[in-house]
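Chemist: Any chance you can model this:
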Amino acid sequence: DDWHTAVAQAQTLAARADVAVLLKGGHLRGPESPDAIVDTVGVYPVSGRRVDTPHTHGTGCSLSSAMATLAAHGLAWPAALERAKP
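Modeler: A predicted model of the protein is given here:
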């Protein structure tokens with residue numbers, strides 16, 4: 001499905017650039033909205049209840065900013081995603 005394809009693409013990017021990738025799943029349908037940190041070690045998914053709102057512009061920017069703040073306080077990317085995602 002689309003999520004597995006996106007994970008595979010994120011794994012390719014993470015391996016090529018030796019980086020952690022924030023994979024957003026907000027475009028998928030259903031009551032849950034999955035996101036994940038994908039790096040060269042693994043995939044760390046975090047799912048949350050989808051918020052029914054027309055105001056979706058900037059949600060990835062807000063999440064990544066919250067994660068960066070948490071990482072600056074010493075959290076690893078997977079833990080920062082888990083803590084920042086509502």
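Chemist: rest of the way, CA atoms for contacts and neighbours
Modeler: Fine.
Chemist: any idea where the helices of this protein begin and end?
Modeler: 2-17, 59-72, 77-84 (DSSP state H).
Chemist: Is it possible to get a markdown table of those helices that adds mean pLDDT and distance to residue 36?
Modeler: Shown next, in a markdown table, are these (pLDDT from 0 to 100; distance: least, CA to CA, whole Å):
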| stretch | mean pLDDT | distance to residue 36 |
| --- | --- | --- |
| helix 2-17 | 97 | 8 |
| helix 59-72 | 94 | 12 |
| helix 77-84 | 97 | 8 |
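Chemist: Any idea which of these gets closest to residue 31?
Modeler: Smallest distance to residue 31 across the helices of the chain (CA to CA): 14.6 Å, for helix 2-17.
Chemist: Pull the number of nearby residues for the nearest residue to residue 38 once chain neighbours are set aside.
Modeler: Nearest residue to residue 38, sequence neighbours excluded (CA to CA, 6 or more residues apart in numbering): residue 21, at 5.1 Å. By the criterion of other CA atoms under 10 Å, residue 21 has 20 neighbours.
Chemist: which non-adjacent residue is nearest residue 2?
Modeler: Residue 2 sits nearest to residue 28 (CA to CA, 6+ apart), 7.7 Å away.
Chemist: can you tell me how far that neighbour sits from residue 70?
Modeler: Distance of residue 28 to residue 70, computed by CA to CA, to the nearest Å: 26 Å.
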